[in-house]
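A.B. asks: Build me a model from this:
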Amino acid sequence: MFYYRPTGEYAYWDVKYLDFDVPFGMIMRNMHRWAAHGMVIFIWLHMFRVFMTGSYKPPREFNWVVGVNLLTLTLLLSFTGYLLPWISSRSGPSPSHQHGARHAAARQ
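C.D. replies: I've put the predicted structure just below:
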């Protein structure tokens with residue numbers, strides 16, 4: 001959160017900075033990614049269990065509707081986290097970006 005600016009101009013370089021320059025940045029980013037994948041898997045497993053045991057039947061049908069809405073929201077949000085770095089990298093990294101220029105100068 002402290003190393004990433006969610007704009008198309010900075011996203012690519014901020015992710016590169018997080019992965020290669022921030023201490024334990026790649027580990028934290030990967031832990032976050034795997035936890036998000038695990039959350040989606042466990043939500044699917046939970047919904048399957050609820051369906052198979054019939055726990056969605058009255059008087060709990062409202063809980064089922066809330067759960068399906070939360071599943072939909074989770075699935076929609078799980079695909080948006082990597083769109084910004086992907087979109088910004090497709091436009092190509094800009095060598096004049098402040099992080100890129102600073103890190104390139106520091107490596108020379």
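
A.B. asks: shaky segments in this structure?
C.D. replies: Applying pLDDT under 70 to the chain flags residues 1, 3, 79-108.

A.B. asks: quick one: buried residues of the host helix or strand of residue 71?
C.D. replies: In this structure, residue 71 is located in helix 61-78 according to DSSP states H and E. Within helix 61-78, the residues that count as buried by 16 or more other CB atoms under 10 Å are 64, 67. Every C-beta, even on glycine, is put in place using the N, C-alpha and C of the backbone.

A.B. asks: pull the CA atoms of it into PDB?
C.D. replies: Provided in PDB are the C-alpha atoms of helix 61-78 (Å, rounded to 0.1, in the frame of the first residue of the first chain):
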ATOM      1  CA  GLU A  61     -32.900 -18.500   2.200                       C
ATOM      2  CA  PHE A  62     -31.900 -14.900   2.900                       C
ATOM      3  CA  ASN A  63     -28.500 -16.100   4.000                       C
ATOM      4  CA  TRP A  64     -28.100 -18.000   0.800                       C
ATOM      5  CA  VAL A  65     -28.900 -14.800  -1.300                       C
ATOM      6  CA  VAL A  66     -26.400 -12.800   0.700                       C
ATOM      7  CA  GLY A  67     -23.800 -15.500   0.300                       C
ATOM      8  CA  VAL A  68     -24.300 -15.700  -3.500                       C
ATOM      9  CA  ASN A  69     -24.000 -11.900  -3.700                       C
ATOM     10  CA  LEU A  70     -20.800 -12.000  -1.700                       C
ATOM     11  CA  LEU A  71     -19.500 -14.700  -3.900                       C
ATOM     12  CA  THR A  72     -20.300 -12.600  -7.000                       C
ATOM     13  CA  LEU A  73     -18.600  -9.600  -5.500                       C
ATOM     14  CA  THR A  74     -15.500 -11.600  -4.500                       C
ATOM     15  CA  LEU A  75     -15.200 -13.100  -8.000                       C
ATOM     16  CA  LEU A  76     -15.600  -9.700  -9.600                       C
ATOM     17  CA  LEU A  77     -13.000  -8.000  -7.300                       C
ATOM     18  CA  SER A  78     -10.600 -10.900  -7.600                       C
END
